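> predicted model and sequence below, questions to follow.
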Amino acid sequence: MKRISDRLYISTIADNAGDIARERGCGLEIAEFCTAFNMDIDFSKWDKQVRDKMKGIDFFAFHAAFNELCPAAVDPMIVGVAKRRYRQAYDLMAGYGISAMIAHSGFVPLLYDKGWFAAKSVQFWREFISEKPDQFRLFIENVLEDSPDILLEIAGTINDDRLRLCLDIGHAAYMGKGIPVTEWAERMMPFLGHVHIHNNNGECDSHSAPGEGNADVAAVIRMVAEADPRVTYTIESSDGNRSVEWMEANGFL
């Protein structure tokens, strides 16, 4: 069994994420700025909260804002807002000494043509990473996609080691009806860099503990860990304790 504790982060959507990370020797994925205006309004409060959680922890990832942000928006003014917010996120995470960013793709079914979305996303993300250092990593995460195809087209066209994909198991289980999460992992593997670990019952994106839902989370982790030891992982459940207990019971910690 491949243990992944040295590549495992705990998302701060769990109230006790910092305590769990310190106790288990894991990293922390900063989620306080998933809401963009936290970078503007009461920033000193959020900044202190993040810095307090980071104490005594050795490695970190940063989840960028996503509300209403779309790199492939039809309106160029909306694209401009997305550029500003992602640059703002990068400057903030760099100030924390973090080099790994997770960003939602921004795809919305029925709103965007898939071909348009992929082409415009390539243009946006290629420009964004062009000015970043070699150690920077951007992981684009599936959210509302019904298959990995769009993300694979984006990553394959850009073909830059600074841009990889994030497989969100819970999102894949909820949106990818008829495609097992193991197939998502297998197809994304050539560009896979990060995995978000949580589960649901297929009726809502509940971000439940990995053992509490319909997706075979353990099979995905085993598959990915065996295939590529460089891939990193985040427990992205609000119930950090039950999630870590499940990870330990399944031999991942």
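Alright, I've got the coordinates.
> can you give me the strands for the protein?
Counting by DSSP state E, the chain has these strands, from start to end: 8-11, 27-30, 60-63, 100-104, 137-141, 163-168, 192-197, 232-235.
> quick one: strands adjacent to the third one?
Meaning strand 60-63. The strands beside strand 60-63 in its sheet (DSSP bridges) come out as strand 27-30 (parallel), strand 100-104 (parallel).
> right, and these - which one's nearest residue 60?
Each of these has some distance to residue 60 by CB to CB; the shortest is strand 27-30, at 5.3 Å. Where you see a C-beta, it was placed from the backbone N, CA and C, and this is true even at glycine.
> what about dumping the CA coordinates of the closest one to CSV?
Only the C-alpha atoms of strand 27-30 are listed here, as CSV (Å, rounded to 0.1, in the frame of the first residue of the first chain):
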residue,chain,number,x,y,z
GLY,A,27,0.3,20.0,4.7
LEU,A,28,-2.4,22.6,4.5
GLU,A,29,-4.5,23.8,1.6
ILE,A,30,-5.5,27.4,2.2
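> how many residues are close by the closest residue in space to residue 196 that isn't next to it in sequence?
Distances taken as CB to CB, 6 or more residues apart in numbering put residue 168 closest to residue 196, at 4.1 Å, once the chain neighbours are dropped. Around residue 168 there are 28 other residues, counting by other CB atoms under 10 Å.
> ditto for residue 159
9.
> again, but for residue 110
With other CB under 10 Å as criterion, residue 110 counts 6.
> remind me, longest helix of this protein?
Longest helix in the chain by number of residues, with DSSP state H as the criterion: helix 76-95.
> what's the angle from that helix to strand 137-141?
Orientation of helix 76-95 against strand 137-141 (axes from the mean of the first three to the mean of the last three CA atoms, to 10 degrees) gives an angle of 130 degrees.
> related to what we said a few turns ago, tabulate the strands paired with strand 60-63 (TSV), appending mean pLDDT, distance to residue 6 and mean neighbour count.
Formatted as TSV, these follow (pLDDT from 0 to 100; distance: least, CB to CB, whole Å; neighbours: other CB atoms under 10 Å):
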stretch	mean pLDDT	distance to residue 6	mean neighbour count
strand 27-30	98	9	25
strand 100-104	98	15	24
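> out of these, which is closest to residue 7?
With CB to CB as the yardstick, what comes closest out of those is strand 27-30 (8.0 Å).
> run the chain-centre distance for the closest one.
Centroid separation for strand 27-30 versus its chain: 11 Å, with CA atoms, centre = their mean, to the nearest Å.
> can I assume the residue nearest to residue 196 is in contact with residue 142?
Yes - judged on CB atoms under 8 Å, residue 168 makes contact with residue 142 at a distance of 5.4 Å.
> number of nearby residues for residue 130?
10.
> contacts only, for the residue positioned nearest the centre of the chain.
For the chain, the residue nearest the mean C-alpha position is residue 102 (4.3 Å; CA atoms, centre = their mean). Going by CB atoms under 8 Å, 6 or more residues apart in numbering, residue 102 touches 29, 61-64, 139, 141, 166, 194, 196, 234.
> can you rerun that using 6 Å?
Listed by CB atoms under 6 Å, 6 or more residues apart in numbering, the contact partners of residue 102 are 63, 139, 141, 166.
> what distance do you get for it to residue 236?
Between residue 102 and residue 236 the distance is 9 Å, computed by CB to CB, to the nearest Å.
> swap in residue 173?
13 Å.
> the two: who's more crowded?
residue 236 (28 against 25).
> fine by me, we can end here.
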